[in-house]
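>>> Dropping a prediction and its sequence here:
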Amino acid sequence: MRLLHHAFRLYIDPSQLEKTIAFYEELQDKPCERRISFADRGIKVAVVGAFILLAGSEEVLAPLRETRALIVVDSLDETIAWLKKKDAVLLHEPHDAAGGRNVTARNPDGLVAEYFEPGDMR
């Protein structure tokens, strides 16, 4: 199991998306890498370096807010086995997600993180 990348998840009002993207682009001297819109869920996502910005109404973001980080790994199955040995709690079973597979876990210290294996890693 190797950690490939990690990012902070930030939840913002849609009216602040462009301003927030510009802030994190300047902070990291990196352009926004990706924008995704989940129109059916009312969420817009922007990835800027080590930050994932999720913009939506308070109502649509409420169920997501507990997850504070994304940790990209090379093997989700190995990561899950390691998490269980370390007394992390899986909040849902692994499942297919956009571009790969993921699981959300509460780490022993209380941090809730999404662990993600990109599809091209399998």
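Yes, it's here. Numbering: from 1, shown residues only.

>>> When you work out contacts or count neighbours from here on, use the C-alpha atoms and nothing else.
OK.

>>> Quick check: buried residues in the longest helix seen in the chain?
With secondary structure taken from DSSP state H, the chain has its longest helix at helix 17-28. Across helix 17-28, burial judged by 16 or more other CA atoms under 10 Å covers 17, 20-21, 24-25.

>>> Ok, stretch 90-105 next?
In terms of neighbour count (16+ other CA under 10 Å), stretch 90-105 has its buried residues at 90, 94, 101-105.

>>> Go ahead and produce CSV holding the CA coordinates of that stretch.
Only the C-alpha atoms of stretch 90-105 are listed here, as CSV (Å, rounded to 0.1, in the frame of the first residue of the first chain):
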residue,chain,number,x,y,z
LEU,A,90,-15.3,1.9,7.8
LEU,A,91,-18.3,4.1,7.3
HIS,A,92,-19.3,2.3,4.1
GLU,A,93,-18.1,-0.7,2.2
PRO,A,94,-15.9,-0.1,-0.8
HIS,A,95,-17.7,0.8,-4.0
ASP,A,96,-17.2,2.1,-7.5
ALA,A,97,-16.9,5.9,-7.7
ALA,A,98,-16.1,8.3,-10.5
GLY,A,99,-12.7,7.2,-11.8
GLY,A,100,-12.1,4.3,-9.5
ARG,A,101,-13.2,2.8,-6.1
ASN,A,102,-13.4,4.3,-2.7
VAL,A,103,-14.2,3.8,1.0
THR,A,104,-14.8,6.3,3.7
ALA,A,105,-13.3,5.6,7.1
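
>>> Trp82: which element?
Using DSSP states H and E, Trp82 sits within helix 76-85.

>>> List the contacts of the lowest-mean-pLDDT helix or strand in the chain.
Every helix and strand in the chain was compared by mean pLDDT, DSSP states H and E; the lowest is strand 95-97, with a mean of 92. For strand 95-97, contacts defined as CA atoms under 8 Å, 6 or more residues apart in numbering pick out 101-103.
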